[in-house]
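I would like to see how this sequence folds:
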Amino acid sequence: MNTRRGQASPRAVLLGALLFIAAGFLVFFASPWILPVRIVEGPLVQAAGPDEVTLVWYTSRPVKPGNCLVTLGAPPDACDYPAKANDTRQLVRITGLTAGTAHPYRIQLGRRTLVEATLRTNRAAGEPFAFIAFGDSGLGTREQYLLAQRMRSLEFSPDFLLHTGDVVYKRGERNNYEERFFAPYRDLLSQITFWPTLGNHDVLTDQGGPYLGIFELPHNGPADLQPETNYWFDYGSARIVVLDSTLPEGTLAEKVAPWLKQTLAAAPATWKFVVFHHPPYTCGAHPSDERIQRAIVPAMEAAGVDLVFCGHDHLYERTHPLRGGQVVPDGSGVTYIVTGAGGARLYEAPPPDQRPAYVAALDNSQHSFTYVQVDGLELRVRQIGLNGATIDDWRWSKPQPPIAQPPQSDLLSSQPANQPVNQP
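This is a model prediction of the structure:
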């Protein structure tokens, strides 16, 4: 019987393959501890204001508090801010900044620069501003990444990002945030604030625990509910309120609606916007959410809300102004926008002749995002498609408020009216 010299036995080949695979796993799991520390997620701009901002990022392995520094500005005016550390999470809160200003920064670890970027503080009250609203994005699809690239290519850069929910599919898992949130929007997240909203998929893991662990949001929601799930912020001439529409109807009616009315009533803002995931009026795959119609819509109508941004249906849809579910003239009701074409599979929609009368515009032919510009009493809403084309272009001008007449002084109002002079 002949044998070939030098030919490995099947057992030896299998053993070699197993050793090779084991070595690969060893290198993969040991690399964060062998290779230099790097930023794997972020930096993420959070809770920016006219004079303050928060930066959050995650490193490849734990770093001691204060070892990471944010150097803001250029020499000789640069300032260092040590980071607070919680395992791999790093956070820096910076105050005393100038409104509407670009601030270059770099994150350093020792002598190494981990990242360089430029953040922008909020514009001053009264200045024009713009933002992008989108949702139902976090599936890691090619369309999600291409749409993020389209957002970065706008002629006029947005001042912040507003997400309508379902940040990460399919269950809001923490291990999916890097690929399905941080990576697609990296260049935007390092410059402008990202304001998120809880969607039904985001709360499936630990009741939204990963979402709440990543984002730094205002603690100004209803007192008896989980902080950071309902909140509000002001930007320029607008007050923007974010709601958790995954809550039961009773909680929405008893706790969220009264807080919403109070929050909007206290706003001197020209524009009032509300954001939540489940649309009360839609003709997409999901039915109109009657919970929201009963619990939240009356509060928004009473408070004079101008525009509502939702997701959940994976398409774009804009209604005519509505009050009580009926179409009313501009300025007399609330306009609802569903902007849920951010990256997940698009949904079917009925043909135009089968849509409700309140539908003013609808598109489910391509992924898209909403680009909103506010300039004084002027509002412009454009839906931008994956191909760069404008799907919808809607403008609205508010009337000039009446000029208040100064009251007569007490002195004048206390004098008697002129009397005729008696002639002799």
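
Now do the strands in the stretch 301-424 of the chain.
307-310, 316-319, 322-323, 326-327, 335-339, 359-363, 368-375, 378-385, 390-397 (DSSP state E, counting those that start in this stretch).

So for Phe160, which of those sits nearest?
Among these, strand 368-375 comes nearest to Phe160, with 10.3 Å by CB to CB. Where you see a C-beta, it was placed from the backbone N, CA and C, and this is true even at glycine.

what is the rounded mean pLDDT of that closest one?
Averaged across strand 368-375, pLDDT comes to 98.

that older thread, please convert the strands of the stretch 301-424 of the chain to CSV, extending it with distance to Gly42.
Shown next, in CSV, are the strands of the stretch 301-424 of the chain (distance: least, CB to CB, whole Å):
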stretch, distance to Gly42
strand 307-310, 25
strand 316-319, 29
strand 322-323, 39
strand 326-327, 44
strand 335-339, 25
strand 359-363, 33
strand 368-375, 22
strand 378-385, 26
strand 390-397, 31
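
would you list these in TSV and tack on mean neighbour count?
Below are the strands of the stretch 301-424 of the chain laid out as TSV (neighbours: other CB atoms under 10 Å):
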stretch	mean neighbour count
strand 307-310	27
strand 316-319	26
strand 322-323	16
strand 326-327	14
strand 335-339	27
strand 359-363	18
strand 368-375	22
strand 378-385	19
strand 390-397	14
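
Any idea which of the ones you listed gets closest to Val115?
With CB to CB as the criterion, Val115 lies closest to strand 368-375 of those, at 25.2 Å.

and that closest one, what does it pack onto?
Under the contact criterion of 3 or more CB pairs under 8 Å, 6 or more residues apart in numbering; DSSP states H and E, strand 368-375 touches strand 129-134, helix 142-152, strand 335-339, strand 378-385.

and Pro351, how many neighbours?
6 (other CB atoms under 10 Å).

what domains does the record give for the chain?
The chain breaks down by automatic domain parsing into domains covering 39-120, 129-397.

The strands of the stretch 301-424 of the chain: which one's closest to Ser137?
strand 368-375 (8.9 Å).

coming back round to it: quick check: which of the domains of the chain is buried the most?
Stretch with highest mean neighbour count among the domains of the chain: domain 129-397 (a mean of 19; mean count of other CB atoms under 10 Å).

before we move on, back to that, possible to save the helices and strands packed on strand 368-375 as TSV with distance to Lys272 and mean pLDDT?
Below are these laid out as TSV (distance: least, CB to CB, whole Å; pLDDT from 0 to 100):
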stretch	distance to Lys272	mean pLDDT
strand 129-134	15	98
helix 142-152	25	98
strand 335-339	12	98
strand 378-385	12	98
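
export those to JSON lines and tack on distance to Trp394?
As requested, these are exported to JSON lines (distance: least, CB to CB, whole Å):
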{"stretch": "strand 129-134", "distance to Trp394": "13"}
{"stretch": "helix 142-152", "distance to Trp394": "19"}
{"stretch": "strand 335-339", "distance to Trp394": "8"}
{"stretch": "strand 378-385", "distance to Trp394": "5"}
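
which one of these lies closest to Ala265?
strand 335-339 (20.1 Å).

what lines up beside that closest one in the sheet?
Looking at strand 335-339 with DSSP bridges, its partner strands are strand 307-310 (parallel), strand 316-319 (antiparallel).

How far off centre is the first one?
In terms of CA atoms, centre = their mean, to the nearest Å, the gap separating the centre of strand 307-310 from the centre of its chain is 12 Å.

same check, this time on stretch 317-336
23 Å.

How about residues contacting that stretch?
With CB atoms under 8 Å, 6 or more residues apart in numbering as the test, stretch 317-336 has contacts from 279-284, 293, 297, 300-301, 305-308, 310, 337-338, 349, 357-363, 381, 383, 392, 394, 396, 398-399.

if we can go back for a sec, could the domains of the chain go into TSV alongside distance to Leu14?
Output for the domains of the chain, formatted as TSV (distance: least, CB to CB, whole Å):
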stretch	distance to Leu14
domain 39-120	33
domain 129-397	31
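
got the residue ranges for the helices in the chain?
10-34, 142-152, 177, 186-189, 209-214, 249-251, 257-265, 290-295, 297-303, 410-414 (DSSP state H).

between these, which gets the lowest average pLDDT?
Looking at the helices of the chain, the lowest mean pLDDT belongs to helix 410-414 (a mean of 40).

partners of the nearest residue to Ala47 once chain neighbours are set aside in the sheet?
Using CB to CB, 6 or more residues apart in numbering and skipping residues adjacent in sequence, the residue nearest Ala47 is Thr54, 4.9 Å away. Per DSSP bridges, residues listed as beta-bridge partners of Thr54: Gln46, Arg93.

Could I get the contacting residues of Thr54?
Per CB under 8 Å, 6+ apart, neighbours of Thr54: 45-48, 91-94, 216.

what bits of the stretch 1-150 of the chain have low per-residue confidence?
Flagging of the stretch 1-150 of the chain using pLDDT under 70 yields the residue ranges 1-8, 12-13, 16-34.

please redo it, this time with the cut-off set to 50
Within the stretch 1-150 of the chain, the ranges that satisfy pLDDT under 50 run 1, 3, 25-28, 30-31.

And the stretch 301-424 of the chain, by the same measure?
409-424.

ok, back up a step: and of the strands of the stretch 301-424 of the chain, who's closest to Val70?
Short answer: strand 368-375, nearest of the strands of the stretch 301-424 of the chain by CB to CB, at 29.3 Å.
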